[in-house]
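Asks: predicted model and sequence follow; I will ask about them next.
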Amino acid sequence: MHSSVTLDRSGDWPGLAQIADAESRPAAEATLEQSKALDRFLATVERRAYRIAQLGLRDHDEAMDVVQGAMLRLVRSYAARPSEEWKPLFYRILQNGIRDAQRRRKVRGRLFGWWPGGERSEDDDLDPVAQHPDPLPGPADRLMATESIVVLEQALRDLPARQREAFIYRCLEGMDVADTAAAMGCSDGSVKTHYFRALQSLRERLGDSW
C-alpha cells in the first residue's frame with residue numbers, strides 16, 4: 001500500500017520549508033526584539049560607563065577599551081538573560097574590567113620600572129583625557145565639564161575603590177542595594193557600609209550644600 005503523499009520536484013516533502021519557516025518565525029522575532037532591547041540598553045549606559053571607567057583608570061584609551069569589552073561580553077554571554085538582569089551584570093563586568101586594567105598597569109609598572117631603559121618620560125605623567133576630545137559629546141558631557149562636577153569627580157577618584165563603586169551605583173545610577181551587591185559581587189551589608197562611608201567622606205570634603 002502506497003502513501004498518497006508524494007515528493008515535489010525538489011525532492012522535499014510538500015510545504016516542509018513553509019512549515020519550518022512558520023514554526024521558527026516567532027522565535028526569530030523574539031530574538032530580534034531581544035537584540036533591539038539590548039542595543040537600547042547599551043546606548044543608555046555607554047556614556048556613564050565611560051565616565052566610571054575614566055574615574056577608575058584616568059586614561060582615555062584604557063577606559064574606552066574596558067567599556068567596549070564589557071559591552072561585548074554582555075552581548076556574547078548574557079544577551080539571552082532577562083533584561084532586568086542586564087544592568088547589574090553589565091556593571092559587574094565593567095568593574096571587573098577596570099580592576100583587571102589596574103592590575104595590568106601595576107604589573108607593567110613593576111616590570112618596566114626594573115627593565116633597562118624603562119624609565120618613564122615626563123609625557124607619561126600627563127593626563128591623556130585632557131589630551132583627547134571626549135568621544136561621547138552631548139549635553140551630559142557639557143554638564144560634566146562644569147566646575148562642581150569636576151570637583152565631585154576628583155573627590156570620587158580619591159575614595160577607596162569599593163566606596164566609589166557603591167556611591168556611583170547607588171547614587172548616580174539609582175540602583176537598589178540588591179542590584180548594587182550583584183554588580184559589586186558582595187553582600188547587601190557590604191554595599192550599605194561602603195556607601196555610608198563614601199557619603200561621609202564626600203560630605204566632609206564637599207560640604208552638605210554641594
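Replies: All right, it came through fine.
Asks: downstream of the least confident helix or strand in the chain by mean pLDDT, the next helix or strand is which one?
Replies: Least confident helix or strand of the chain, by mean pLDDT, DSSP states H and E, is helix 139-144 with a mean of 45. Where DSSP states H and E defines the elements, the next helix or strand beyond helix 139-144 is helix 147-158.
Asks: buried ones in that following helix, by neighbour count?
Replies: In terms of neighbour count (16 or more other CB atoms under 10 Å), helix 147-158 has its buried residues at 152, 155-156. In this view, the C-beta of every residue, glycine as well, is placed from N, C-alpha and C.
Asks: what's the average pLDDT for it?
Replies: Mean pLDDT, helix 147-158: 79.
Asks: mind giving me the packing neighbours of it?
Replies: On a contact count with 3 or more CB pairs under 8 Å, 6 or more residues apart in numbering; DSSP states H and E, helix 147-158 meets helix 16-57, helix 139-144, helix 161-167, helix 188-206.
Asks: what's the angle between that helix and helix 188-206?
Replies: For helix 147-158 against helix 188-206, the angle by axes from the mean of the first three to the mean of the last three CA atoms, to 10 degrees is 130 degrees.
Asks: CA atoms of helix 147-158 as CSV?
Replies: Output of helix 147-158 as CSV, limited to C-alpha atoms (Å, rounded to 0.1, in the frame of the first residue of the first chain):
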residue,chain,number,x,y,z
GLU,A,147,33.2,73.2,38.0
SER,A,148,31.0,71.4,40.5
ILE,A,149,31.1,68.2,38.6
VAL,A,150,34.9,68.4,38.2
VAL,A,151,35.2,68.8,42.0
LEU,A,152,33.0,65.8,42.5
GLU,A,153,34.9,63.7,40.1
GLN,A,154,38.1,64.4,41.8
ALA,A,155,36.6,63.6,45.2
LEU,A,156,35.3,60.3,43.8
ARG,A,157,38.8,59.4,42.4
ASP,A,158,40.2,59.9,45.9
